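Enquirer: quick one, fold the following:
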Amino acid sequence: MLGIENIKKTHTSAHALSYFSLVQRSGLIEMRMKAALKPYDLTHSQLNVLHILANSYPEPMTSKAIKKKLIVASPDITRLLDRLVRKEWVYRETCESNRRELDITITETGLKVFFDVHAVAKEATGDYFKNSLSKEEAVQLYKLLKKIQF
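Expert: All right, here's what the predicted structure looks like:
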């Protein structure tokens, strides 16, 4: 991995340094998350779907609604949901109001897995940066990241 010190030698603007630092930190966070989730045979995208469904529980959601809320990119929501169905962490059934849609709901087992693994994920990210940033710094970081949305 290209370290920030190597980048500083060739890109000295504050904007370039901020960009490269953000990319580097993002990669490190994803690596930590991947390592934390591996023992549970769970991907970050799958955890994200369980989180979305746990928040809507007991109400079902369509795959389209889930995809809109995903924060972790997933190119194929259908296959991702297929894997969660096989693990019996979610189930699908035909929507009563629109037979062309499928309702997806998290199972009791899926809820337990989510809450157990969610704690591990928080630990992997330093309790969502609480170990590194004050509340004020976290608010400032959030505002700055929102400002650079494309």
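Enquirer: flag every buried residue along the lengthiest helix in the chain.
Expert: Counting residues, the longest helix found in the chain (DSSP state H) is helix 14-37. Within helix 14-37, the residues that count as buried by 16 or more other Cβ atoms under 10 Å are 20, 33, 36, 37. For the C-beta atoms, the positions are set from N, CA and C on the backbone; glycine is no exception.
Enquirer: so can I have a markdown table of those showing pLDDT?
Expert: Converted to a markdown table, the buried residues of helix 14-37 look like this (pLDDT from 0 to 100):
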| residue | pLDDT |
| --- | --- |
| 20 | 86 |
| 33 | 91 |
| 36 | 93 |
| 37 | 94 |
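Enquirer: can you name the two of those that are farthest apart?
Expert: Spatial extent of the buried residues of helix 14-37 (Cβ to Cβ) is set by the pair 20 and 37 at 26.1 Å.
Enquirer: and residue 147, its phi and psi?
Expert: The phi and psi values for residue 147, taken as degrees, to the nearest 10, are phi -70, psi -30.
Enquirer: whatever helix or strand comes next after the longest helix of the chain - contacts with which helices or strands?
Expert: The C-terminal neighbour of helix 14-37 among helices and strands, as given by DSSP states H and E, is helix 44-56. Counting contacts by 3 or more Cβ pairs under 8 Å, 6 or more residues apart in numbering; DSSP states H and E, helix 44-56 packs against helix 14-37, helix 63-69, helix 77-86, strand 90-94, strand 102-106, helix 108-124.
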